[in-house]
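In: fold the following, please.
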Amino acid sequence: MDHAELTTEQVLKRDIPWEQYMTTKLITGTCLQLLRRYDKRPETYRSQLLDDDGPAYVQVFVGILRDIFKEETVEYVLALIDELLTANPKRARLFHDTSLVDKDVYEAFLRLLWKGNWFIQEKSCKILGLIVSARTKPQGTVANGEASNSKSKITSIDDVLKGLVEWLCAQLKKPSHPSRGIPTAISCLATLLKEPVVRSSFVQADGVKLLVPLISPASTQQSMQLLYETCLCVWLLSYYEPAIEYLATSRTLPRLIEVIRSSTKEKVVRVVVLTLRNLLSKGTFGAQMVDLGLPQIVQSLKAQAWSDEDLLEGLNQLEEGLKDNIKKLSSFDKYKQEVLLGHLDWSPMHKDAIFWRENITNFEENDFQILRVLITILDTSSDPRALAVACFDISQFVQHHPAGRIIVTDLKAKERVMKLMNHESAEVTKNALLCIQRLFLGAKYASFLQA
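Out: This is a model prediction of the structure:
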């Protein structure tokens, strides 16, 4: 049997020799009694046993995972625990019962994450995620005897969360299972990242960058769920400043916007809209959203018939926030964003003489960065509109900057512009010609050439 494809149902068909384990003193007589009462019984009967004596069964199962290393038995007990938690996730609270306060309920699952086959790893991850999330989070003392000043060797919750995050990141880098490794890790993260301590561990483990490639439009039901849970992780991280700093320097924003541009799944659109709303006021996100065309996308989304109130409210808040951002951006900020993104078009500022007079010294920033990007666009862009606008803007720089001709010539722009004088687009050739004339004549004689 391929352990990667094992199912809980297949594992639970096995007969485990519990009596043999008692004979070899790997389990006690009491454990054997409890197991005989529980194992292979109908669901309703087992449910009643858990209601009456749940913590005792938890102690038996955790004890077996701690003391017995036979793979078939470990798989069987994990399947039993998975079964009882799947039937009722609230049973995860049984692991935190006061009668287990001096028991280490985490250690076995944490160890099995790294030691077992895929069935064992997947079940350990799922179970750990559920029992960690079910713990109460009081101040000072933590469940399972993990008092803040405890000197016992019980695995602390911080160690558990750190170990779990480490395993989840390892799965995202190099999954143990080709198709289930990443979805399992993302699903667990989508639950755990609700906790500030997990957000911190995840960022410190450089985990944020592992999410970014997974943010892309989905086509199948499985990939849609993975996309939703990935976006849910990003939404949870958007409440945490150190994560926001990483999101700002990665391709996260364009990818999120591409997802809502193309997705029709309401829950996916909702979580992305709520993420964008959180990021809107942070750093330069607002300006980038404007440049990536988010205001138009929001208008389009608002015209659709959504039923989710959170989504509708999020769209309204996003729309208002984007409007405020557009008002706040100076004309040069807008121009700079347009050039840096390579999205050149005939927006009013290009032909506004006042804009050029007032902002010409801003072009000197970062060793004429914006001018250099305009010249690069001449080499790299295949969009005739972008090429025409870039030629025009370079000619405007020559016209308005005292040393414009010399600077542009030094940056080898003349050769690039001349190549475009034979371009198939009349718009490109017209503006390339204007630019060359200004370069040869100089600003003094070029005013009559104003397009």
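In: please make it C-alpha for all contacts and neighbour counts, starting now.
Out: Fine.
In: can you map out the helices along the stretch 301-450 of the chain?
Out: Ranges of helices within the stretch 301-450 of the chain are 309-328, 331-341, 353-359, 365-380, 384-400, 404-410, 413-419, 426-441, 443-446, based on DSSP state H, counting those that start in this stretch.
In: what about the first one, average pLDDT?
Out: It refers to helix 309-328. Helix 309-328 carries an average pLDDT of 90.
In: for the fifth one, same thing?
Out: Within the predicted structure, the mean pLDDT of helix 384-400 is 96.
In: what are the contacting residues of that helix?
Out: For helix 384-400, the external contacting residues (C-alpha atoms under 8 Å, 6 or more residues apart in numbering) are 342-346, 350, 356-357, 360, 371, 374-375, 377-378, 381, 404-405, 408, 417, 425, 427-432, 434-436, 438-439, 442-444, 446-447.
In: my guess is Leu433 contacts Asn422, does it?
Out: No. Contact criterion C-alpha atoms under 8 Å: Leu433 and Asn422 do not qualify, at 9.8 Å.
In: between these two, which one's more packed in?
Out: Neighbours per residue (other C-alpha atoms under 10 Å) separate Leu433 from Asn422, with Leu433 holding more: 19 against 14.
In: if we can go back for a sec, is there a quick PyMOL command that grabs whichever of the contacts of helix 384-400 are buried?
Out: Only the buried entries of those go into this PyMOL selection, using 16 or more other C-alpha atoms under 10 Å:
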select buried, resi 342+344+350+356+360+371+374+375+377+378+404+405+408+417+428+429+430+431+432+434+435+436+438+439+442+443+446
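In: what packs against the longest helix along the chain?
Out: Counting residues, the longest helix found in the chain (DSSP state H) is helix 43-67. Secondary-structure packing of helix 43-67 (3 or more C-alpha pairs under 8 Å, 6 or more residues apart in numbering; DSSP states H and E): helix 29-38, helix 71-87, helix 107-115.
In: redo the ones you listed as a markdown table? Include distance to Pro175, mean pLDDT and mean neighbour count.
Out: As requested, the helices and strands packed on helix 43-67 are exported to a markdown table (distance: least, C-alpha to C-alpha, whole Å; pLDDT from 0 to 100; neighbours: other C-alpha atoms under 10 Å):
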| stretch | distance to Pro175 | mean pLDDT | mean neighbour count |
| --- | --- | --- | --- |
| helix 29-38 | 35 | 96 | 15 |
| helix 71-87 | 20 | 97 | 18 |
| helix 107-115 | 12 | 94 | 18 |
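In: nearest to Val197, out of the ones you listed?
Out: Ranking those by proximity to Val197 (C-alpha to C-alpha) places helix 107-115 first, at 17.4 Å.
In: on that earlier part again, rebuild the helices of the stretch 301-450 of the chain as JSON lines, extending it with distance to Gln33.
Out: As requested, the helices of the stretch 301-450 of the chain are arranged in JSON lines below (distance: least, C-alpha to C-alpha, whole Å):
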{"stretch": "helix 309-328", "distance to Gln33": "51"}
{"stretch": "helix 331-341", "distance to Gln33": "70"}
{"stretch": "helix 353-359", "distance to Gln33": "84"}
{"stretch": "helix 365-380", "distance to Gln33": "76"}
{"stretch": "helix 384-400", "distance to Gln33": "79"}
{"stretch": "helix 404-410", "distance to Gln33": "88"}
{"stretch": "helix 413-419", "distance to Gln33": "86"}
{"stretch": "helix 426-441", "distance to Gln33": "87"}
{"stretch": "helix 443-446", "distance to Gln33": "98"}
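In: okay, the ones you listed, which one's buried deepest?
Out: Highest mean neighbour count among the helices of the stretch 301-450 of the chain (mean count of other C-alpha atoms under 10 Å): helix 384-400, with a mean of 24.
In: how far off helix 426-441 does that helix point, in degrees?
Out: 20 degrees (axes from the mean of the first three to the mean of the last three C-alpha atoms, to 10 degrees).
In: C-alpha coordinates for helix 384-400, PDB please?
Out: Extracted in PDB, the C-alpha atoms of helix 384-400 (Å, rounded to 0.1, in the frame of the first residue of the first chain):
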ATOM      1  CA  PRO A 384       3.100  52.300 -29.700                       C
ATOM      2  CA  ARG A 385       1.200  54.600 -27.300                       C
ATOM      3  CA  ALA A 386       3.900  54.100 -24.600                       C
ATOM      4  CA  LEU A 387       6.700  54.800 -27.100                       C
ATOM      5  CA  ALA A 388       5.000  57.900 -28.500                       C
ATOM      6  CA  VAL A 389       4.400  59.300 -25.000                       C
ATOM      7  CA  ALA A 390       8.000  58.500 -23.900                       C
ATOM      8  CA  CYS A 391       9.400  60.400 -27.000                       C
ATOM      9  CA  PHE A 392       7.200  63.300 -26.300                       C
ATOM     10  CA  ASP A 393       8.200  63.400 -22.600                       C
ATOM     11  CA  ILE A 394      11.900  63.300 -23.400                       C
ATOM     12  CA  SER A 395      11.300  66.200 -25.800                       C
ATOM     13  CA  GLN A 396       9.500  68.100 -23.000                       C
ATOM     14  CA  PHE A 397      12.500  67.500 -20.700                       C
ATOM     15  CA  VAL A 398      14.900  68.900 -23.400                       C
ATOM     16  CA  GLN A 399      12.600  71.900 -23.700                       C
ATOM     17  CA  HIS A 400      12.200  72.800 -20.000                       C
END
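In: that helix to helix 365-380, inter-axis angle?
Out: 140 degrees.
In: out of the helices of the stretch 301-450 of the chain, which comes closest to Leu227?
Out: helix 309-328 (17.2 Å).
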